[in-house]
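Colleague: return a 3D structure for these sequence lines:
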Amino acid sequence: MHSSFAPLDWLVLGLYIAVLFAGGWLFRPRGGQTARDYFLAGGKVPSWLAAISVLSATQSAATFIGGPDYGYRSDYTYLAGNLGGLIGALVVARFMIPRYYAIGATTVYELLERRFDASAMRWAGGMFLVGRVFAGRARVYLAAIALSMVIFASVDAQGIVLSAALIMIAAFLFTFAGGLRSVLLNDLIQFTIYLGAAVAVLAWLWTSIPAPTEAVIDGLRHAPGGVDKLRLIDPSFDLSKPFSLPAILVGLTLLFIASTGTDQDVTQRLLASPDARTGARGLILSLVATVPVVWVFISIGLLLHVVYQRPELMGGQALAAESAFKGQSINVFMHYILTQLPSGLRGLVTCGVFAAAIATTNSALNAMSSVMVQDFYRPWRERRAQLTERHYVVAGRWGMAVAGLAMFAMAVASFYWQRSSDMPLLEFALQVMVFAYAGLLGVYFTALFTTRGSTGSVIVALAAGFLTVLALQPYVAGALGFGGLVGKLAFPWQLTVGAIVSTLICLSVPGQGKAIA
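Modeller: Numbering: from 1, shown residues only. The predicted structure follows:
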C-alpha cells in the first residue's frame, strides 16, 4: 500500500492532528465531574455553541461527499428541504424541549418513563441504540472509503480498516475524558475545518471555469435537456421524489421532528443549555445556519457539472469523469479530489472529510453512552446500591468504548456487505434512521398530545414503525408482491406511513399512564 499524498498534504494533515491534540488537552476536565456534567456539560451551553454542535453533528461525511454529488446530478431542491427542517424545529422548540427541561431529563427517553414506565423508556432507548449503530457504521465506512482512497491510494480491506480505525480512535480520544463538553468544543474546531475545506474547494472550482459569471449562471439555468439546475422548489406530487414540496412539508418535517426531538444524538446538545428557551434558540439557530452550509456543498456539485459536462463553458475542454477507482464505485466529487486538486488543498479536503467523520462519530459515542448509562445501567445499579457520581462518569467512558467497538466492527463489516448488495451505501447512510424514527414519532406523539397508550402499545408501536418502513423498501416490497407505487415511495413518504401506523397502534390502547404537563 502506498500513499498518494504529497509532502504538503502530509504537512496539512499533521497540523490538523496537532490542533486536535491541542483541543483535547485544552478541553480536558479540571476537577470532579458528575454524570450530568459528563453527559450534559453541566447545563451551561450557550445557544450559539449548541447550534454549531447540532449543525456539526448532522453534517456527516455523507453530506461532505454526497452533497456535491446531488448538486452534480440534480439541482437546489435538496436545499429547500430545510423548510421542513424549520417547521419541525418550531414544533420541537414549542412542544418537546420545554417538557424535557420540566422533568430535568438527561436523555429524551426519560419522558417515556414519566409517562408510562421504565420499560417503555428502555425500549425507546434500545431502538435509538440499534438505529444509531447502523447509521454510524455507514457514515464511518463512507468516510473510511474517502480517506483510504486519498491517503493510501487503496480501497482494499487493509486501507478501509486502517482509515476506520483512525476515525474511531480520534473520536474516542477527544470525547473520552471530557464527555459532552469535549464534544461541543471539538465540534467547533471540526466544523470550522469542515466548512473551510468546502469553501476552499468551491473557490478553486470557480477559478477553474473560464466562462464569465453571467454565462455560468445562464448555463446552469438552461442545462441540457431543458433542465434548470438552479431550481429551488419542485411542486410535483411525484411520491418517488424525496425533495418535492409535498415531501418536504410532510415527510421531511416529520424527519426533523424525529431527529431533533426524539434522537438523543442531536437532542442531547439542546438539553445541555441553562434553560428550555436557550436550548430552543440553539435549535432554531442551527437550522438557519444549515442553509448556507448546504448551499456550499450543492454549489460545488453544480460547478462540477460545468467542469465535467459543459465544454462550451470550459473553453471546449471539459474534463472526463471516471466512475470507478480500483474497482470501487466513486462519485464525481471523489474523482475530482483524486485527480484535480493540487497538493495542500487535497490535504485540507482530507481534513474536512476527517473532521466531518469525527464530529458525527464522537457525537454518537457520547449520546449512545448516555442512553446506556442513564436509561439502562444506572437504574439497574441503584436498585442494588447507591454509588458515587464518579462511578457513572467512569461507566460513561466504558459505554463509549463499547459503542465505538460496535460501530467500528459494523463499519468494517460494511466493506464486505457492500459487495453483496445493490443498495447504494450513501442512500443507506442518509435514510437508515428512518427505520427507528417511524416508531419513535408514533410513541412521542401519543405520549405528548394524548392520555392514551400503554407500555405494551409503546413496544408494539416501535416494532410496527420499524417493520412498516422495512416493508416499504423496494427490495422487500417486490419480494412481498406489492412493488408498484409502494416500492417507489421516497424515504420521506416511507417515514410518514410508518409514523401513521405507529401512532394508530400506540393510540389503540386506553391510557394507563399520566399526561405530561
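Colleague: hey, let's count contacts and neighbours off CA atoms from now on
Modeller: Fine.
Colleague: which one is the residue nearest the centre of the chain nearest to, not counting chain neighbours?
Modeller: Nearest to the mean C-alpha position of the chain, by C-alpha atoms, centre = their mean, lies residue 58 at 3.9 Å. With C-alpha to C-alpha, 6 or more residues apart in numbering as the criterion, residue 58 has its nearest non-adjacent residue at 6.8 Å, and that residue is residue 360.
Colleague: show me how the record splits the protein into domains.
Modeller: The record's domain split for the chain, according to automatic domain parsing, is 7-432, 433-517.
Colleague: got those as CSV, with mean pLDDT columns?
Modeller: CSV is the format used below for these (pLDDT from 0 to 100):
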stretch, mean pLDDT
domain 7-432, 82
domain 433-517, 86
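Colleague: give me the distance between the residue nearest to the centre of the chain and residue 249.
Modeller: Distance, residue 58 to residue 249, by C-alpha to C-alpha, to the nearest Å: 20 Å.
Colleague: so how far is residue 251 from residue 55?
Modeller: 20 Å.
Colleague: now do the phi/psi pair for residue 223.
Modeller: Dihedral angles of residue 223 (phi, psi; degrees, to the nearest 10) stand at phi -70, psi 160.
Colleague: now do the one 5 residues further on
Modeller: Residue 228 adopts backbone torsions of phi -100, psi 100, taken as degrees, to the nearest 10.
Colleague: please apply the same query to residue 227.
Modeller: Recorded main-chain torsions at residue 227 are phi -90, psi 140, according to degrees, to the nearest 10.
Colleague: identify the residues contacting the nearest residue to it once chain neighbours are set aside.
Modeller: Distance criterion C-alpha to C-alpha, 6+ apart; nearest residue to residue 227, sequence neighbours excluded, is residue 221 at 7.1 Å. Residue 221 is in contact with 227-231, counting by C-alpha atoms under 8 Å, 6 or more residues apart in numbering.
Colleague: which of these are buried, as a PyMOL select command?
Modeller: Restricted to buried positions by 16 or more other C-alpha atoms under 10 Å, the PyMOL selection for these reads:
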select buried, resi 228+229+230+231
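Colleague: between the contacts of residue 221, which is nearest residue 295?
Modeller: residue 230 (11.2 Å; C-alpha to C-alpha).
Colleague: in this structure residue 284 contacts residue 89, no?
Modeller: Yes - at 6.3 Å, residue 284 and residue 89 qualify as touching, with contact defined as C-alpha atoms under 8 Å.
Colleague: quick one, which of those two is more surrounded?
Modeller: Neighbour count, other C-alpha atoms under 10 Å: between residue 284 and residue 89, residue 89 has more, with 28 against 21.
Colleague: gap between that one and residue 436?
Modeller: 19 Å.
Colleague: what segments of the stretch 151-300 of the chain are helices?
Modeller: Ranges of helices in the stretch 151-300 of the chain, per DSSP state H, counting those that start in this stretch, are 157-176, 180-207, 213-221, 245-247, 253-261, 264-270, 276-309.
Colleague: how about those in TSV, adding distance to residue 106?
Modeller: Output for the helices of the stretch 151-300 of the chain, formatted as TSV (distance: least, C-alpha to C-alpha, whole Å):
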stretch	distance to residue 106
helix 157-176	18
helix 180-207	12
helix 213-221	48
helix 245-247	33
helix 253-261	13
helix 264-270	8
helix 276-309	13
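Colleague: which stretch among the ones you listed is buried most, on average?
Modeller: helix 264-270 (a mean of 29; mean count of other C-alpha atoms under 10 Å).
Colleague: quick one on the thing from earlier: the residue nearest to the centre of the chain and residue 187, how far apart?
Modeller: 11 Å.
Colleague: what of residue 87?
Modeller: With distances taken as C-alpha to C-alpha, residue 87 is found 25 Å from residue 187.
Colleague: check residue 250 too.
Modeller: Distance of residue 250 to residue 187, given as C-alpha to C-alpha: 30 Å.
Colleague: same question, residue 467
Modeller: 34 Å.
Colleague: how long is stretch 203-223 end to end?
Modeller: 22 Å.
Colleague: going forward, count from 54.
Modeller: Yes, from this point I'll number from 54; that puts the last item at stretch 256-276.
Colleague: gap between that stretch and the chain center?
Modeller: 31 Å (C-alpha atoms, centre = their mean, to the nearest Å).
Colleague: how about stretch 214-225?
Modeller: The answer for stretch 214-225 is 18 Å, by C-alpha atoms, centre = their mean.
Colleague: for it, C-alpha coordinates in PDB please.
Modeller: What follows is stretch 214-225, C-alpha atoms only, in PDB (Å, rounded to 0.1, in the frame of the first residue of the first chain):
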ATOM      1  CA  VAL A 214      -9.800  -1.000   8.300                       C
ATOM      2  CA  LEU A 215      -6.900   1.500   8.900                       C
ATOM      3  CA  SER A 216      -9.000   4.500   7.900                       C
ATOM      4  CA  ALA A 217     -12.000   3.400  10.000                       C
ATOM      5  CA  ALA A 218      -9.600   2.800  13.000                       C
ATOM      6  CA  LEU A 219      -8.100   6.300  12.700                       C
ATOM      7  CA  ILE A 220     -11.600   7.800  12.700                       C
ATOM      8  CA  MET A 221     -12.800   5.800  15.700                       C
ATOM      9  CA  ILE A 222      -9.700   6.300  17.800                       C
ATOM     10  CA  ALA A 223      -9.600  10.000  17.200                       C
ATOM     11  CA  ALA A 224     -13.300  10.400  18.000                       C
ATOM     12  CA  PHE A 225     -12.900   8.300  21.200                       C
END
